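Asks: need a structure here:
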Amino acid sequence: MARTKLFDFAVLYHPRPTKDPSGNDTTPDSELLALSDKPVLANTEKEVAMKAARAIPEAYADKLDLVEVIVRPF
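Replies: Numbering: from 1, shown residues only. You can find the predicted model right below:
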């Protein structure tokens, strides 16, 4: 059996860039959707990314192209 490793993850939402009629940037700031509350044991970063994907709120299901999953080894 392979040895598991510790990882942390974060899930961010980056809204699409927008401009007001006068051409000024009005893009809202990125939002933190999920953060691992404790280290995650997994064999690979891919496994952790799948666990992080389950933490994405349902309200963002139609905006997954704007969601970023970040995985970091502990």
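
Asks: contacts, neighbours, all on C-alpha from now
Replies: Will do.

Asks: Give me the nearest residue to residue 2, chain neighbours excluded.
Replies: Excluding the flanking residues, the one nearest residue 2 by CA to CA, 6 or more residues apart in numbering is residue 43, at 7.1 Å.

Asks: all helices of this structure, in order?
Replies: In the chain, the helices defined using DSSP state H lie at 45-54.

Asks: which residues of it fall in strands?
Replies: With DSSP state E, the ranges of strands along the chain come out as 5-13, 31-35, 40-42, 67-73.

Asks: center of the chain - which residue?
Replies: residue 11 (1.8 Å; CA atoms, centre = their mean).

Asks: which residues sit in contact with that residue?
Replies: Listed by CA atoms under 8 Å, 6 or more residues apart in numbering, the contact set of residue 11 reads 32, 33, 34, 35, 52, 53, 56, 67, 68, 69, 70.

Asks: now it: how far from residue 5?
Replies: Residue 11 sits 20 Å away from residue 5, taking CA to CA, to the nearest Å as the criterion.

Asks: Next: residue 37.
Replies: 16 Å.

Asks: okay, those two: which has more neighbours?
Replies: Between residue 37 and residue 5, counted using other CA atoms under 10 Å, residue 5 has the larger neighbour count: 14 against 9.

Asks: and the more buried one, what is it in contact with?
Replies: 41, 42, 43, 44, 73, 74.

Asks: Separate out the buried members of the residues you listed.
Replies: 41, 42 (16 or more other CA atoms under 10 Å).

Asks: any idea which of the contacts of residue 5 is closest to residue 28?
Replies: Set against residue 28, the nearest of the contacts of residue 5 by CA to CA is residue 73 (29.4 Å).

Asks: Please determine how far the nearest residue to that closest one once chain neighbours are set aside is located from residue 46.
Replies: Excluding the flanking residues, the one nearest residue 73 by CA to CA, 6+ apart is residue 7, at 4.3 Å. Distance from residue 7 to residue 46, counting by CA to CA: 11 Å.
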